[in-house]
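1. Return atomic coordinates for the entry below.
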Amino acid sequence: MSFTLDANVLLYASDESGSRRQRARQLLDDVAAGDEIVYLFWPVLMAYLRIATHPAIFESPLPPADALANVEALLGLPHVQTAGEGRRFWRSYRRVATDADARGNLVSDAHLVALMEENGVRTIWTHDRDFRRFPGIQVSDPFATI
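-> Numbering: from 1, shown residues only. Take a look at the predicted model:
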């Protein structure tokens, strides 16, 4: 069994003033202590780096070195893997995007879902409700009880 994390989970964990920080940190601590395979897809990591360091988005954005260190800490875990687009990606993307009528912000979500499919990952931890529009994946919201 494996799963992936969406950028919003990583961002909430880095947002010192956010109400979801504690739960996001707990989830990342659980990930670090676990042994289940975790896929971190490159678009998620790049979104995290882009948003966490952006002064127009966060009141106290992370210095780039800190954001990079956070990514490196996750990638240093023995059960965390990265993956990118492979030979079957475009076929998966076209089907996933067509099924969800992906446009606008859903394009990047369809990208992530196609990567999940291509790598056999069925579960994503995210607070983004848009992922529920994609059949064939399980969406787990770590903040659902907040």
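2. Going by C-alpha atoms from here, please, whenever you check contacts or count neighbours.
-> Noted.
3. where along this structure do the strands fall?
-> In the chain, the strands defined using DSSP state E lie at 2-5, 37-41, 80-83, 123-125, 138-140.
4. buried ones in the first one?
-> So that's strand 2-5. For strand 2-5, burial by neighbour count (16 or more other CA atoms under 10 Å) applies to Ser2, Phe3, Thr4, Leu5.
5. Tell me what the third one is bridged to.
-> Which is Thr4. With DSSP bridges as the criterion, Thr4 is bridged to Tyr39, Ile124.
6. Verify the stated contact: it with Val121.
-> Yes - with contact defined as CA atoms under 8 Å, Thr4 counts as touching Val121 (7.2 Å).
7. hang on, the earlier thing: can you list the strands of the chain in TSV and add mean pLDDT and distance to Leu74?
-> Output for those, formatted as TSV (pLDDT from 0 to 100; distance: least, CA to CA, whole Å):
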stretch	mean pLDDT	distance to Leu74
strand 2-5	96	11
strand 37-41	97	9
strand 80-83	96	7
strand 123-125	97	15
strand 138-140	97	20
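8. want to throw those strands into TSV with distance to Trp90?
-> Below are those laid out as TSV (distance: least, CA to CA, whole Å):
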stretch	distance to Trp90
strand 2-5	20
strand 37-41	16
strand 80-83	15
strand 123-125	20
strand 138-140	21
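9. Out of those, which gets nearest to Val107?
-> Ranking the strands of the chain by their distance to Val107 (criterion: CA to CA) puts strand 37-41 first, at 15.2 Å.
10. The closest one packs against which elements?
-> strand 2-5, strand 80-83 (3 or more CA pairs under 8 Å, 6 or more residues apart in numbering; DSSP states H and E).
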